[in-house]
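Colleague: predicted model and sequence below, questions to follow.
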Amino acid sequence: MEPRSNLSNLGEVDVVYKYQSSRKDRPQIQKSTDAVDVFKLLFHKEKLGLQEQFAVLYLDRNNRVIGCAQLFNGGVSATVVDIRIILAAALKLLATGVLIAHNHPSGNLKPSSEDVKITKKLKGALELMDIVLLDHIILCPEHHYLSMSEEGILP
């Protein structure tokens, strides 16, 4: 058996999560308006009409928020979304559900073909880990929103 003296050359992974509040004090998502209320806390209000932002809510089995992140920022009409980052955080948090949202600075609530494509791709990646993509919400500067789940668009 080889000695373990050379482990300093290897990267070490340590998975920890520190809760700042008890689970019962966290928001519970029961409908899209609940999710919109939490997402509005994550988005930079002054940039809603300027540049695209993308955020994620991670949920437990009771649909309580166990983590959130405003992960990606883009330009006027697009942002790059890295599914691996979303999935890595979901696995680290042991989430069973995920909600995503992004804004359309133009005010147009209609999902683009790219919006639908990334939603489908993320849903498939999460399903491999038994995590459910519950909704993809599009926010607009005028405080309107579209829920892909409620509109039957979520693939």
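Modeller: Nice, I can see it.
Colleague: direction included, what does the helix or strand containing residue 68 pair against?
Modeller: Using DSSP states H and E, residue 68 falls within strand 65-73. Take DSSP bridges as the rule and strand 65-73 pairs in its sheet with strand 53-59 (antiparallel).
Colleague: quick one: average pLDDT of the strand holding residue 68?
Modeller: Taken as a whole, strand 65-73 has a mean pLDDT of 83.
Colleague: which residues sit against it?
Modeller: 17, 19, 23, 26-29, 38, 42-44, 51-60, 79-82, 85-86, 89, 93-95 (Cβ atoms under 8 Å, 6 or more residues apart in numbering). Backbone N, C-alpha and C define where each C-beta goes, glycine included.
Colleague: what ranges of the protein fall below the confidence cut-off?
Modeller: Where the chain drops to pLDDT under 70, the residues are 1-19, 75-77.
Colleague: make it 80
Modeller: Applying pLDDT under 80 to the chain flags residues 1-25, 46-50, 70-79, 143, 155.
Colleague: which residues in it form strands?
Modeller: Using DSSP state E, the strands found in the chain span residues 53-59, 65-73, 97-103, 132-139, 145-147.
Colleague: adding distance to residue 126 and mean neighbour count, write these out as CSV.
Modeller: Listed next are the strands of the chain as CSV, based on distance: least, Cβ to Cβ, whole Å; neighbours: other Cβ atoms under 10 Å:
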stretch, distance to residue 126, mean neighbour count
strand 53-59, 11, 24
strand 65-73, 14, 17
strand 97-103, 6, 25
strand 132-139, 5, 22
strand 145-147, 18, 20
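Colleague: I'm done for today, thanks for sticking with me.
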